[in-house]
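Novice: just coords:
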């Protein structure tokens, strides 16, 4: 009889462990997946923001974003939208990949990155010039991405509780 009780306890423990396995795998793979996307987004952002002006012009032409095509430019132009989207992606993926990091830490780091890239464009990158409006677009994009990631995280944890 004791053997059956012991076997029942072991089986119960194993069943609990196995039923928790998908949750553990999903959470573990989820964070790793988002970390990879965060590194990819950061790398792509840095490459695009530090390209020389001539390379940016070629890229715009290849994508059909020629300024003479009638696309809006200036303070609320497509350039600011690109900055916003790149930093929103970085913020979202960083927050999902490293949920233990504080939102304010990530926001400060992303704003500093945006300011640094604009400073490098002003000082070093030929054919480019840094703009404060780009830093503002970067900060707004990062804040939006972080907000969306935290909102999604809260909704996900509320649904599993």
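Specialist: Sure, I can see it. No experiment lies behind these values; they were computed from the predicted model shown.
Novice: mind checking which helix or strand residue 64 is in?
Specialist: Here residue 64, judged by DSSP states H and E, is contained in no helix and no strand.
Novice: and it, how many neighbours?
Specialist: As a burial measure, residue 64 scores 8 neighbours (other C-beta atoms under 10 Å). Yep, even glycine has a C-beta here, placed from its N, CA and C like the rest.
Novice: Residue 144 now?
Specialist: 16.
Novice: cool, the one 3 residues further on as well?
Specialist: Using other C-beta under 10 Å, residue 147 has 16 other residues around it.
Novice: what about it, helix or strand, and which?
Specialist: With DSSP H and E as the test, residue 147 turns up in helix 132-160.
Novice: helix or strand right after the worst-scoring helix or strand of the chain on mean pLDDT?
Specialist: Comparing every helix and strand of the chain by mean pLDDT, DSSP states H and E singles out helix 2-49 as the least confident one, with a mean of 71. Next helix or strand after helix 2-49 toward the C-terminus (DSSP H and E): helix 53-62.
Novice: Spatially, what comes nearest to residue 148 if we skip its sequence neighbours?
Specialist: Of all residues not flanking residue 148 in the chain, residue 92 sits nearest, at 5.6 Å (C-beta to C-beta, 6 or more residues apart in numbering).
Novice: Show me which positions of the strand or helix carrying that neighbour end up buried.
Specialist: Using DSSP H and E, the element containing residue 92 is helix 78-97. Buried residues in helix 78-97, defined by neighbour count with 16 or more other C-beta atoms under 10 Å: 79-80, 82-84, 86-97.
Novice: do stretch 144-152 as well
Specialist: Quick answer for stretch 144-152 (16+ other C-beta under 10 Å): 144, 145, 146, 147, 149, 150.
Novice: I am finished for the moment; much appreciated.
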